[in-house]
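**Q** sequence and predicted structure are below.
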Amino acid sequence: MKLGFHTGYWSAGPPEGVRDAIAEAERLGLDSIWAAEAYGSDCLTPLAWWGASTERVRLGTNILQMSARTPTATAMAALTLDHLSGGRFVLGIGASGPQVVEGWYGQPYPRPLARTREYLDIVRKVVARERVEYQGEFFQLPYQGGAGLGKPLKSTVHPLRTDIPIFLAAEGPKNVALAAEIADGWLPMFFSPRGNDFYRTALQTGFDRPGARQNWDTFEVPAFLPVVVHDDVEQAADWVRPMLALYIGGMGAKGANFHFDVFVRLGYQAECQKIQELYLDGHKAEAVAAVPTAMVEDVALVGPLAKVRDELALWKESVVTSLLVNTDVPTLRALAEIVG
């Protein structure tokens with residue numbers, strides 16, 4: 001199992017201590033560092049800025065939101081960062097959810113799987129430096145209509161690599177299967193070893209489809225993993241509860257929240273309903289308090305270092321190939337020694 005560092009989301013500004021953590025990740029020989037975006041900071045700019053001080057770690061987006069950029073703009077960014085990093089870039093992308101796609105980017109959300117297929121098709125054409133002609137349901141190149149003067153183009157930049165790895169973020173079974181079929185890796189956000197059989201089945205569905213790009217031997221599954229080392233488990237869990245309350249309660253509407261569904265599949269339906277009701281009613285502190293410690297422990301490593309070490313064994317036995325830890329520098333050092 002590999003170890004990577006996830007810089008996490010920004011709040012009002014850049015994450016505190018991120019430069020030191022990235023420097024330590026490079027020094028420790030970690031596999032990768034990753035930057036996120038939602039509806040504040042973007043993921044490409046910090047990755048380029050912070051990644052410029054590294055030489056070995058892979059640089060990944062987790063995740064670049066497809067609705068924020070056209071497929072060709074995303075491919076241009078991938079070509080650029082791959083050149084600047086010497087072939088270390090990994091393009092992690094995802095469809096996000098209707099709340100962000102339609103509310104923030106002003107783009108339609110329906111049929112995200114079909115849209116994702118077309119998006120990746122076009123990105124790969126650009127990266128391979130093909131002349132891009134595409135007449136899909138969602139994307140048409142050249143554009144049909146307008147001035148009528150568009151023509152098929154290919155990148156002026158010659159790619160450093162003509163097949164930059166693309167990892168797909170997904171949570172539901174159909175999306176996870178799609179990742180196994182058309183991508184080079186899957187980026188789970190809230191992975192739990194208890195759900196391993198569910199995800200293994202979904203991935204196998206994708207691998208079994210005609211034309212699947214990868215297989216179990218070559219496919220990557222880098223999983224986001226908050227790690228909080230503290231002698232008191234409850235206090236450690238308190239650092240993670242607000243994030244879970246936000247995603248379960250506030251990132252979507254009732255009946256249309258994929259994060260909510262992840263935890264329902266783990267057996268927390270009643271707890272999720274309570275968290276969501278409190279959050280949507282404006283009682284955010286109560287929603288945070290309603291997140292049980294067991295739920296936190298399913299998707300994060302919290303508590304004394306010995307407990308963290310013991311629970312890591314479950315992750316090593318799962319489909320996960322890399323742990324993308326979001327933690328402080330001392331814990332990063334300890335994890336690097338444990339994971340080996």
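**A** Yes, it's here.

**Q** from here on, contacts and neighbour counts on C-alpha atoms
**A** Noted.

**Q** can you pull the contacts of the spatially most central residue of the chain?
**A** In the chain, the residue lying closest to the centroid (C-alpha atoms, centre = their mean) is Asn62, at 3.7 Å. Going by C-alpha atoms under 8 Å, 6 or more residues apart in numbering, Asn62 touches 34-37, 43, 92-93, 169, 187.

**Q** most neighbours out of those, which is it?
**A** Neighbour tally across those (other C-alpha atoms under 10 Å): the maximum, 28 neighbours, falls on Trp34.

**Q** against which helices or strands is the strand or helix carrying that one packed?
**A** Assessed by DSSP states H and E, Trp34 sits inside strand 32-35. Strand 32-35 sits against strand 2-6, helix 18-28, helix 44-51, strand 58-61, with contacts defined as 3 or more C-alpha pairs under 8 Å, 6 or more residues apart in numbering; DSSP states H and E.

**Q** would a markdown table of these with distance to Lys174 and mean neighbour count be doable?
**A** Compiled in a markdown table, the helices and strands packed on strand 32-35 are given as follows (distance: least, C-alpha to C-alpha, whole Å; neighbours: other C-alpha atoms under 10 Å):
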| stretch | distance to Lys174 | mean neighbour count |
| --- | --- | --- |
| strand 2-6 | 26 | 25 |
| helix 18-28 | 34 | 18 |
| helix 44-51 | 27 | 18 |
| strand 58-61 | 22 | 26 |
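
**Q** could these go into a markdown table alongside distance to Arg88 and mean pLDDT?
**A** Shown next, in a markdown table, are these (distance: least, C-alpha to C-alpha, whole Å; pLDDT from 0 to 100):
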| stretch | distance to Arg88 | mean pLDDT |
| --- | --- | --- |
| strand 2-6 | 13 | 98 |
| helix 18-28 | 13 | 96 |
| helix 44-51 | 10 | 96 |
| strand 58-61 | 5 | 98 |
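
**Q** possible to save the ones you listed as TSV with distance to Asn196?
**A** Formatted as TSV, the helices and strands packed on strand 32-35 follow (distance: least, C-alpha to C-alpha, whole Å):
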stretch	distance to Asn196
strand 2-6	18
helix 18-28	27
helix 44-51	30
strand 58-61	24
